[in-house]
Each structure stands twice: as structure tokens, then as C-alpha cells.
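J.: Structure for the following, please:
(3 chains)
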Amino acid sequence: MSEQLRSIDTSLKKEVEKLSGQKLNACYLCGKCSAGCPAAPYQDITPHVVMRLAQLGHRSVLKSKMIWNCVSCGTCVTRCPNNVDPAKVCEALSRISKREGLVSGKVAKALREKFVESIKNKGRVHELTLVMQLKMASGDWFSDLDVGIPMFLQGKLPIAGHRIKDLKNFKKLFEGNKEGSK
Amino acid sequence: MQTYAYYPGCSLEASSREYDTSVRAVFSKIGIELKEVPDWSCCGSSQAHKIDGDMAAAIAGRNLVLASSIGDIIAPCASCSMSLKEAQIELEHDGPIRRVLVEAGYEYLPGSVSVLSAVEAAYQAVESGLFEGKISSPLLGLKVASYYGCLLVRPPKIAQFDDPENPVSMDRIMEMAGAKPVEWSHKVDCCGNAYILVDKNMTLNLVSNILNAAIKADADVIAAACPLCMQNLAERQAQMQRRYGLKRKIPVVYFTQLIGVAMGLDNRMLGLKDDLLKLIDIRRQEEIAAREAERQAKEAEERAKEARRKAAAEKEKAAKESKEKESTEKESSGTKEAGEAG
Amino acid sequence: MARVGVFICHCGSNIAGKVDVETVARESASIPGVAYSSHNKYSCSEAGQKTIIDAIKENRLDRVVIGACSPKMHENTFRNTIRQAGLNPYMLEIANLREHVSWVTEDRDAATRKALDLVRSAVGKVAFAKPLTPGKVPVEKRALIIGGGIAGIQAALDIAGMGYEVVLVEREPSIGGRMAQLDKTFPTLDCSACILSPRMVDVAQNPNIRLLSYSEVESVGGYVGNFDVVIRKKARYVNESKCTGCLECVSKCPVRKIPNEFENGKAMRRAIYVPFAQSVPKVPVIDKNHCQYLLSPDPSTIEVKEGERKPRRRCGACKIVCGQDAIDFDQQDEFIKEKFGAIVLATGFNPFDHSKYGEYGAGKIPDVITALDFERMVNSSGPTEGKILRPSNGEKPQRVVFIQCVGSRDEAKGVPYCSRICCMFTAKQAILTREKLPGAEVFVFYMDIRAAGKGYEEFVRRAQMEYGAEYIRGRVSRVYESDGRLVVKAADTLAGLPVEMEADLVVLATGSVAREDAFELANAIGITTDSYGFISEVHPKLKPVEIPREGVFACGACLSPRDIPDTVATAGAVAAKVGILFSKDFLESDPMVAEIDPFKCAACGACVAVCPYSAITMEEFRGKKFAKVNEAMCQGCGTCTAACRPGAAQLRGQTDEQILRSVEAVLQW
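T.: Down below sits the predicted model:
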């Protein structure tokens, strides 16, 4: 399969810029973000390659794993010589990729979705449910039993979750503002 | 008596109870009242932001509103403190996030509330002398690797605390508690946080690097300030020994647990394992013994010096005396000669 | 009665494209005072100028309005034109129909109307113009050069070569600057000292050059051709005329542990010292902050009880061993007052302070050094006698990593610009490393390679191909110590791979930044710097060595980071500019300066207070006080004319009357 760059997809580039709040052209692809990213050695492409593909509006980036596996450590934005935040660009791309149905990071997607669902449910994260949902998503049920079971027995993973009193108003915060969200 | 709004966060309620209890115990002992934010909700951590930035700021912002009646917030979990700080910045200017909050019945007044992590609050307490006289059993000789992780100091524009490459606040706190902070290379390296559930292989690689670095620096214990860091570093050491080249087990605790020991607090509040308590004791004895040995060696040296000085003085005196004797003898023989001549 | 000639220029299509020039020319003919009006395609061309000259002569015009581009472009050109036609060159007014009309107006009608308004206004003003004659200012043919690096040295030699006197002031005990610190220079790999020392000696021996080393400029007053400068010659405590440079004193000095500034603090010097072996002048200096003798109190100031001996001053070993009796502990700073016609700034640059990079150890890791440290290390007269060794344990490194762009191209650290020379000196240092340590690996982490000079690209390729330096494209995120080695976390962006490698020595190619003391000097002289602190030139392309203050020039790296060829070239350029200035015995001073009518002057002193150039003084004549303008110093800013309430101060060529008439001309219609 030959893939050639024919032009720059400004519509995708503009959308990424708007969602991430970053000036993509400010990045000169020095690679310092990739150099310091803890997740980079385990991904298909590294952060600066994500930045380049975003600059080109190249849709292949939407299929990458990297955009899902950013661990939000903040190293890239702290050291970037041009004050760019590659983590926010990865974040924006992950949202677009979800919309387009091109998700490569299924477990990462599950993590954020289940996390927010859990908050929405009772106002606070219910760790036991969250862990079990993620074990289901990753298919890795058994490797952490030596950790999980003792925690459960110590009462560190309570079965009952705490329900906040003002849950009704709290849920309104998830509807987003009427003009559309970032 | 200073009062702060206390924001435990979801983990401290459940999986990281020791952090909650040790923070409460320590701050209460130094005269800081922690009042839990009424009906607080999840801050969103780093995950809510990935779904929708505005929504994440709104749900974190709710807690700022709820806290404003009490005062500034202390949030022990580094991730919570970062989410709350970020929300505070977003809410400084009017916009859709404030409007969403208002529509849900939460009115945010800019500048009404500051957010501090537990490390920040403890460091400020050290600087203002609140720990003076409270350290009854200092952690003498205990080598502590202070692990800051990511969200206490990065991004620097939001955290606005300490140095993002080489922070020293937790080290100073440990020093205050009598311990020996060690210089090590992975103070601010990421532990992978919630990705332990997503890509375990990646996370355990990151974690074993951090642990091995602390071991290389000859640390006795690692002090942490975030529930997720703590769990990642502490809970799977057996697994890492088997498959990720972890050299040995090393205890990982919350920094407030260590402060608590130094303050002589009841271990039921601190939740430390017996092994570690024993180690702390052993190090303390070793250090005391070492200091005593040093003191004795110094005294011996002083005595030796004094002895040498005395010997030298005696020698000089003896030499002087013999010289005088010689000259008097010469005089008398001289006079004798003179007498003879004359 | 004034006879104004109006000449409207098309400026090709620059003006004519928007403004209806024919209409403007036609309508201008009916403006009161206008005797002739025409339009021309390119007024500034030879043909265009000829038409103007002919029109002036044929129509007996006595003053001219030209509607054209900005006066900044061609005011001087057209002054010359009308002078050739026999008119006083100051009987000219330019209406800017390009920058002020065609370039900023969308609508053609509006543009044409505005053009007419501006022409009317110019006619109103020139109708009340008076012929002006430039003044004459004598020129003192002596140049002051501040800074004794290669820039100052070259400028001094060139200006002296033209036969003029030069005073070269250098703050350090020796001239030589940064070039004296280098080992080899790119791309020829010439030994730096070998090519620099002969010039340093030339400076010392040139009869036209007075070298004031260990000296600083205290104050600068005056104006072009007549600068009054005070130079402080700091006390060396050594008599220069007696010293033979044997350096016996240095060998006997007991104070040995002072970090040597020339070696960036990596080697020690003594309290009496010369900075380096080939110092010019080779006369030592006593550091009064460390000399035992000078720090001990003067016995004559101490009171003692009866029978007690006064404490003697400590040490004094240098004075005892000096065979020429050249040590003079009583020497004081000397203040030298001198007059100069021109001043040249050649103060050079500083390397970036890499302690700002926490990710590279914030300056605390011993095996992370700067390029300048490396240069001293590889220099055979440096702290390690030319051996490349790890500072931590003195062993030879197996792997040396060079990191480019440290303190350059970094917006987040406040240095967004490129320092120009680092790609080249890094390639050079990579070559030197491979030469001295053939078994060692050399890696260079870069973002781009900037090698635009003569032989430069070929030099970098040699480093890569002949000398086997491995170039990896990617910035380094972090360097830290582990197990006695250094870990370098970087990226190979071309392969898309993260990099983690161990190294024994890391060399940071630190960028060039402006010197802080140069900023202070600039303030003292009254010249500006850019936002980075580099001296600002008049125009970066067309006037690269001139400074907005007349008579002041600059060359070398104090203007911006640059290599030795460019530095030497600008030094020569400055010499030429000074030569132009000194080729005349008198300078024409701009006549469009302020003049104060002593009869209207109330001697309130407002003008004296507001003049930014301190060009106005109070004089007295037969009991009457009045303010007087020094026409050579006046820059014609007009501030005094605005401050003067009686209207005694007027700007020639921009009088109150002229300005009011030019406004009136527009309003009437």
C-alpha cells in the first residue's frame, strides 16, 4: 500500500487546533517531547510524530495508539522550547478518532469513559467497579489477583459507593454549556 | 488555629486510607484544623479532562465553590491538587465553565480559594515553624528517597510550586523530621498512574526503573505523596522482581506516615507495617551509635593532642633548664679563671 | 512672492495605481503660490531629476514640493536635485503620497483627495521656508575602541593603518577576548592563538595605537567629531614601564586558589597574575580582593599601645622578588580624559548560562560541561594540558555526547534566536575529540545544521564522514547521573525512535548572549539595545555597523552572534566608516536644528530640562540670561520648541509659522 502526501488537510488541522488550543505551527519538531515521554517507547509513533501528522492534517494519526496512551505526566509541555502542549494535541486527536470510529486504544478509551461514568453515577469514583470494568476491557483478569484480593480483604475496595447529596445538580455539570464544549 | 478546607479525593476514602489518616493526624498535631469540604465530589483527575476539558473544569470547580465557605483547600492527592488548580485558573475569567456551574447552582467567586497539595501545606508549615518541638523521635539515619512524581510540580505554570526538574520541598520536610534525604535520579519520573490498568507492561517498566533508581541511591524507603504513585510503586514489587528486573523490595510509604512516626503518633493512625517500623528503629540505633563513636573518636583525638602538647612543653622546659645550668657552670669556671688570672 | 513648483511622482504604479496623479498635478496648479505643476513616472531617476531641474530653471521656481515616497527614502536625493538647479537644498518639502496615501487607502477617490490635501499642506509649509546653511563642526581624528577582542583588535589595526590615532580600551588585563580562549578555529582548524597573537603584538607595537588594558570607560559626553571621554585605568599595582614580563612575582605568590576567569573557573590563578601565557600586555595585575598585602591594614592607620609593635603588612613577596622594582602597592586608579572623533563598540558576547536548564543538571553535574569549558580542556595550555578527561574522575571518556541548541532557539527559556556558530564549533569539537581519543564514540544531537559559510558545509560533512561523528537529529530531554555515568534521554526524530544512551562526558553547545556590562555601557553612552541586549544598528541590511547616535559604531558579536570571518569583516567596515568621518576636517551639521531667539527667551530653563540630548545651556551676555542651543549636539527633535512658552525656541525648517500654515492650507478647502 503506498501512501503519499498530496496536500495538507487544513480542516482536520484546524479542528485539532481549536480542540487542543495549541498553535500547531509553533512546533518545529525538535523531538524533545518524544525524548522525555515515558509512554513513547511503548507506542507505535512518538509524540513529535503525532505533532507532524497533525500539522499535515494526516488522518492516519487518528488510528495511532500514542494518542490514547498519553499518561498526562506533563513532561512534554514542561520542556517544550516553544511552549506547545503535545499532550493536549493527543487528547484532541483521541476525541476526533472516537468520533470517527478509528479507536486504537480500546482499553484507554474504556478507562476514561468508565471513570467519568463512575463519577456521574454517584458523584465519586467507585474504585472496585472501575477496576473490574477495566479488567474486563483489557481481558487481564488474573495477573493482579495477588494485589486485588488482599486490598479487598483489608476493606480498601469497598463494595458500597458513597452517593453525594447534591447529585441532581451535580449531573447538570455533565451536560456541558449550550454553545458546545472544548 | 488555622483552618483549611480538606479535600480527600476518591482514593483517600478507599484504597489509600493511610494517607487520609496520616494527613489528618499530622496536621492536627501541628495545630491546623482540617474541615472536610461538605458533599465534595470527584475532581475528575486526568481522565475527565480527556473526555471534555470544560466538563472536567466544571466538576472540579464545584469543589472550589463548596470549599469557599471554609477557606483554602488542602488536597493530599497530587492528581486532585492539579485538577483543582487547573480548574481555578480556568475559572479566573468569565466563560462557559462558570456559566455551567451557575446554571447548576454553584457560584464561583474568583480569588476566593487557593489550592495546596499536602506537600505544599506541610512545607509551608515547616517554614513557619509549626513543627518546632513536635519531632519527639526523629528518623535518625533513615535514608529517604523523596518521590514527587508528575503532578506535584508539572506543568510548572499551573502547579506553581517548587522546581519542576529538581524539587526539594519534600526532601526538606524529611530533613526536618530527622531523616537523611538521598539524591537520586528519578524524583520526578512518571509512575504511569492509572495506566496500570491499561498497559500494565509499560507501567511496570516505568515503575521498576524508579524503584531501581532509589535502590541504587541506597535508599531505605521511598516517600510518596500521591495514592496512585504509591500503589503503583508499592503493590506489585513481587511481580516486578519476577519479570521486570527489580533488584529487591523497598518499602514505599506516604510522606505523612513518616512525619507521623517522627512525631511519635500512634501507628493506628499511620498504618505502617512492622518491618518498616523495625527498620526505622534499627537505623536510629545505628545513627546514634555512629554519632557516639564519632564523638568518642573526637575526644580521643583531643586528648592525644593535649598529651602531645604537654610532652612538647616538658621537653622545652627541660632543655631550657639544662641550658641555664650550662651557662651558670661556665660563669663559675670563667670567674675561677679570671680569679686565677687576676 | 513664493514661486512653488509641484512635482507629483507616479512611482511606477506604487502611487499611480491608487492615486489619480494627473488630477492631483492639475488641481495643484491652482493652489496659491504654485507657479508650476507636473507629474512624472519616476522622479528619482536621472531623467526624472533632469525634468525637475529644467522646470525649476525655466519657470524661475524658488521652492519645490515633491509628492512621492517617504522622505526617508529620497529627501536627500531631491535636496541634491534642487541644489543642482541652483536652489538652497532646504527649500524643499515632500508630501508622502506612498506610505501615507497609496499604501494605506483602499478607495481611489479618497486616496486622490488625501493626496491633494497633503500637497496643499506641503505647499503651505514650504511657502514659509527659509534657506538654511549647514554648520561646520571640527573633527578630532582620534578613535576610541571599546573592547580588545578580535573585533576591536582588527578595527584598531585598520584605523591606525589609515594614519589615525586609536585608543583601545580593554576591561580585562589582556586583550584577545574569546578568540584567545579557543583552541582551533573552524573551518580551517587553524590554531587560534597562532593567528591571533601576531595581531595582538601588532596592536601593542603600533605607534598609532595606545593600548589601555585593565581599563574601563567611565563616561562619554559630547557629539560626533567631539566626544569627551573619561577612561578609568584601574590600578594594576604593577608599573607597566618597568615590568619586563618575567613573571617571577607570579611564581612566588602564596595565594593560589582563585578561580581563573579565563578558564571559566576550572583552573586556578594567583592573586598576582596574567590571565594566560600569551597575554598582551604581559604585565601582571594584582587582584586587590585577594592580595594578602593589600587586604592587610595599613600600619600607619593602626593605633597601638606603648611598647607594642605595629603589625606589619602581610606578604609582599612579589615586591621582594621583582628585579625591576616594578611592584607599586601605592598605585591608584588613573582617570584619563581624552577627546575622540569616533567611538567603536567591540564588546563581544557571553556564553549562555546553562544553569537555567534543570533538565541538564542545572550546572551541578561535573561531567556536563559547556563548549567553552571543552575548548579550554582541549587547548594544550588549558587546565588539563590538552587532554580530554572526565571532570568527575579524571579518566578518558569512552563516549562523548554533544548537545546543540542549549540556550538557542528556545522560546520557553527566553532565547528564541539562533546563535549561528554552535553547529560549526560543535562539528569542530567533534573532530578534535575523534582526533585526540580515536577509540571514543562521539554523538551529536542536533535540530538543524546551519553551515552557511565558505567551506562550512564541507566541514560538517567531514566531521560526519571522515571523522565518524554520529549525528542524531533530535533534542535531548534530560541528562542525569547514574552509576558513575551519564544517561542521555533524547529522540531520533528521523527514525521516530526514542533514545536512551549512556555517556561519560556531555558537552552543551551553549548559545551566545549579550553581555550585561555592554548594556550598562550602552546606557551610559545613550544608545539602545534590542530586547536581548544586543546593540541596535541603524539598519540591519544597509547600515550594519552604524549606531543611531552619530559618530558611534559597533562591530563583532556585540551586535549579534557571529563567527570570526563576519567579525573581522565588520571590523574592517567600521574602520572604513571611521575613515569616511575622519577624511574630512569639518563635518556638516544638520541645519534643521533648534535655535532660540535670545530676545524672546525668558530664561525659564524649561528647554534645558526637557532636552534629551543635553544640547541647551544657559548663557549670559551683558546681564541678560538666555538659553543657547549647541547646534552640533541638537538632533532637531523639537521638544524644546514645544516646551517654550514665549515661542523663543523654534526648529529651523519646522517653525511654528510653517506648521500652522501647513495646517491652515488643508482646512481652508
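J.: Just the CA trace of the host helix or strand of residue C:109, in CSV.
T.: Remark: residue C:109 resides in helix C:108-126, with elements defined by DSSP states H and E. The C-alpha atoms that make up helix C:108-126 are tabulated as CSV, following Å, rounded to 0.1, in the frame of the first residue of the first chain:
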residue,chain,number,x,y,z
ARG,C,108,-9.3,55.6,-5.3
ASP,C,109,-11.3,58.8,-4.8
ALA,C,110,-10.4,59.0,-1.1
ALA,C,111,-6.8,58.4,-2.0
THR,C,112,-6.8,61.2,-4.6
ARG,C,113,-8.5,63.6,-2.2
LYS,C,114,-6.0,62.9,0.5
ALA,C,115,-3.1,63.2,-1.9
LEU,C,116,-4.3,66.7,-2.8
ASP,C,117,-4.6,67.6,0.9
LEU,C,118,-1.1,66.6,1.6
VAL,C,119,0.2,68.5,-1.4
ARG,C,120,-1.7,71.6,-0.2
SER,C,121,-0.3,71.2,3.2
ALA,C,122,3.3,70.9,1.9
VAL,C,123,2.8,74.0,-0.3
GLY,C,124,1.6,75.9,2.8
LYS,C,125,4.7,74.9,4.7
VAL,C,126,7.3,75.4,2.0
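J.: Give the buried residues for that helix.
T.: C:111-126 (16 or more other CB atoms under 10 Å in any protein chain shown). Glycine gets a C-beta too; all of them are placed from N, C-alpha and C.
J.: mind checking how far it is from the chain centre?
T.: 41 Å (CA atoms, centre = their mean, to the nearest Å).
J.: now do stretch A:24-33
T.: 20 Å.
J.: Contacts for it, please.
T.: By CB atoms under 8 Å, 6 or more residues apart in numbering or on different chains, the residues outside stretch A:24-33 that reach it are A:13, A:16-17, A:46-48, A:51-52, A:54-55, A:75-76, A:79-84, A:86, A:89, C:405, C:409, C:447, C:473-477, C:490-493.
J.: ok, now stretch A:4-13?
T.: A:24, A:54, A:55, A:56, A:57, A:58, A:59, A:96.
J.: closest to chain B among those?
T.: Set against chain B, the nearest of the contacts of stretch A:4-13 by CB to the nearest CB is residue A:96 (12.5 Å).
J.: That closest one belongs to a helix?
T.: Yes: Residue A:96: assigned to a helix according to DSSP: H, G, I helix; E, B strand; the rest coil.
J.: Measure how buried it is and give me the count.
T.: Here the number of neighbours of residue A:96 (other CB atoms under 10 Å in any protein chain shown) works out to 17.
J.: how close does it sit to residue A:48?
T.: 19 Å (CB to CB, to the nearest Å).
J.: residue in chain B nearest to chain C?
T.: residue B:165 (2.8 Å).
J.: I'd like to check which residues are in contact with the spatially closest residue to that residue that is not a sequence neighbour.
T.: Closest residue to residue B:165 in three dimensions, ignoring its sequence neighbours and counting by CB to CB, 6 or more residues apart in numbering or on different chains: residue C:358, at 2.8 Å. By CB under 8 Å, 6+ apart, the contact list for residue C:358 reads B:163, B:164, B:165, B:166.
J.: Now do the worst-scoring helix or strand of chain A on mean pLDDT: everything it contacts.
T.: Using mean pLDDT, DSSP states H and E, the weakest-scoring helix or strand in chain A turns out to be helix A:145-153, at a mean of 84. With contacts defined as CB under 8 Å, 6+ apart, helix A:145-153 is touched by A:128, A:131, A:157, B:15, B:235, B:236, B:238, B:239.
J.: neighbours of the residue lying closest to the fifth one once chain neighbours are set aside, just the number please.
T.: I take that to be residue B:235. Distances taken as CB to CB, 6+ apart place residue A:147 nearest to residue B:235, at 4.7 Å, with adjacent residues excluded. Using other CB under 10 Å, residue A:147 is surrounded by 16 other residues.
J.: go on, residue A:6?
T.: Neighbours of residue A:6 using other CB under 10 Å come to 6.
J.: Same check on the one 4 residues further on?
T.: The burial metric for residue A:10, expressed as a neighbour count using other CB under 10 Å, is 11.
J.: what's residue 115 in contact with, if anything?
T.: By default, I'm working from chain A. A:125, A:130, B:45, B:47, B:48, B:194.
J.: wait, chain B
T.: Residues near residue B:115 by CB under 8 Å, 6+ apart: B:64, B:72, B:73, B:75, B:81, B:84, B:85, B:88.
J.: Restricted to helices, list those.
T.: B:64, B:81, B:84, B:85, B:88 (DSSP state H).
J.: and the two most separated of these?
T.: B:64 and B:81 (12.1 Å; CB to CB).
J.: So residue C:490 lies in a helix, does it not?
T.: No: according to three-state DSSP, the state of residue C:490 is strand, so it is not within a helix.
J.: Counting neighbours, what do you get for residue 159?
T.: I'll assume chain A. That count, for residue A:159 with other CB under 10 Å as the rule, works out to 9.
J.: meant chain C actually
T.: Every residue meeting other CB under 10 Å relative to residue C:159 is counted, giving 30.
J.: What pLDDT is listed against it?
T.: According to the prediction, residue C:159 has pLDDT 98.
J.: buried residues in the helix or strand where it lies?
T.: Per DSSP H and E, residue C:159 falls inside helix C:150-161. For helix C:150-161, the neighbour count (16+ other CB under 10 Å) marks C:150, C:151, C:152, C:153, C:154, C:155, C:156, C:157, C:158, C:159, C:160 as buried.
J.: quick one: low-confidence parts of chain A?
T.: A:1-2, A:176-182 (pLDDT under 70).
J.: Helices of chain A, start to end?
T.: Going by DSSP H, chain A shows helices at A:10-20, A:32-36, A:47-56, A:75-79, A:86-99, A:106-122, A:127-138, A:145-153, A:167-172.
J.: out of the contacts of residue C:358, who has the most neighbours?
T.: residue B:164 (22 neighbours).
J.: pull the CA atoms of stretch B:172-180 into PDB?
T.: Taking Å, rounded to 0.1, in the frame of the first residue of the first chain, the C-alpha atoms of stretch B:172-180 are listed here in PDB:
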ATOM      1  CA  ARG B 172      13.300  19.500  53.300                       C
ATOM      2  CA  ILE B 173      10.300  18.100  55.100                       C
ATOM      3  CA  MET B 174      12.100  14.700  55.600                       C
ATOM      4  CA  GLU B 175      15.200  16.500  56.900                       C
ATOM      5  CA  MET B 176      13.000  18.400  59.400                       C
ATOM      6  CA  ALA B 177      11.700  15.000  60.500                       C
ATOM      7  CA  GLY B 178      15.400  14.000  61.200                       C
ATOM      8  CA  ALA B 179      15.800  11.700  58.200                       C
ATOM      9  CA  LYS B 180      18.500  11.700  55.500                       C
END
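J.: Can you pull out the residues in contact with that stretch?
T.: Counting by CB under 8 Å, 6+ apart, B:119, B:122-123, B:126, B:131, B:135, B:138-144, B:146, B:181, B:223, B:255, B:258-259, B:262-263 sit against stretch B:172-180.
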